[in-house]
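Asker: With the sequence up front, the predicted model follows.
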Amino acid sequence: MTGRYFEDFRIGEVLALGSRRVSAAEIIAFARQFDPQPFHTDPEAAKSSVFGGLVASGWHTVSLYMRLLCDGFISTVAHSMGSPGVDRIEWLKPVRPEDTLTGRLTILDLIPSESRADRGTIKSLGEMLNQQGEVVMRMHGVGFFGRRPR
């Protein structure tokens, strides 16, 4: 395998994950299947909601982030070993049709495993920003990554 190992990352390092435009059709399709609330599925009903218009499900935003994370980060590491979960997800601003979201990952902590020399834990801050540079989603994640073979 080629790519970065656990030892190649630095606390405070910020990684750009790429961008993705979100269409109204995509918002509605995702919500119909996974989060069928009127402000996600019905543009007319959404006008009278607290959002004043159609907005993406927060879970849709997380799914888009995961895609950017896989393409822009996971695919660049030598050995991803999964994740035990996330500590927190925050949806800070609504995502609207035609927004362009950009993913960003900041390395918060690097913890070598004490019991398994072949891996370490990376704690990270994942963010999605809209085209105005506003953070619309924030996620504190944990992942296991392979260490450089000796």
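Answerer: Nice, thanks for sending it over.
Asker: what secondary structure does Ile11 sit in?
Answerer: coil (DSSP: H, G, I helix; E, B strand; the rest coil).
Asker: how close does the most centrally placed residue in the chain sit to Phe39?
Answerer: By C-alpha atoms, centre = their mean, the mean C-alpha position of the chain lies nearest to Tyr65, the distance being 3.0 Å. Distance, Tyr65 to Phe39, by C-beta to C-beta, to the nearest Å: 20 Å. All C-beta atoms are positioned from the backbone trio N, CA, C, and that covers glycine.
Asker: now do Phe144
Answerer: Remark: distance between Phe144 and Phe39 (C-beta to C-beta) = 37 Å.
Asker: When the two are compared, which one has more neighbours?
Answerer: For Phe144 versus Phe39, neighbours defined as other C-beta atoms under 10 Å are more numerous around Phe39 (23 against 19).
Asker: shouldn't the more buried one be in contact with Ser49?
Answerer: Yes: judged on C-beta atoms under 8 Å, Phe39 makes contact with Ser49 at a distance of 4.0 Å.
Asker: list the buried ones in stretch 93-108?
Answerer: Residues of stretch 93-108 classed as buried: Lys93, Pro94, Val95, Arg96, Pro97, Asp99, Leu101, Thr102, Gly103, Arg104, Leu105, Ile107 (neighbour count, 16 or more other C-beta atoms under 10 Å).
Asker: Determine which two of those residues are furthest apart.
Answerer: The largest separation in the buried residues of stretch 93-108, counting by C-beta to C-beta, is between Pro97 and Ile107 at 32.4 Å.
Asker: I am finished for the moment; much appreciated.
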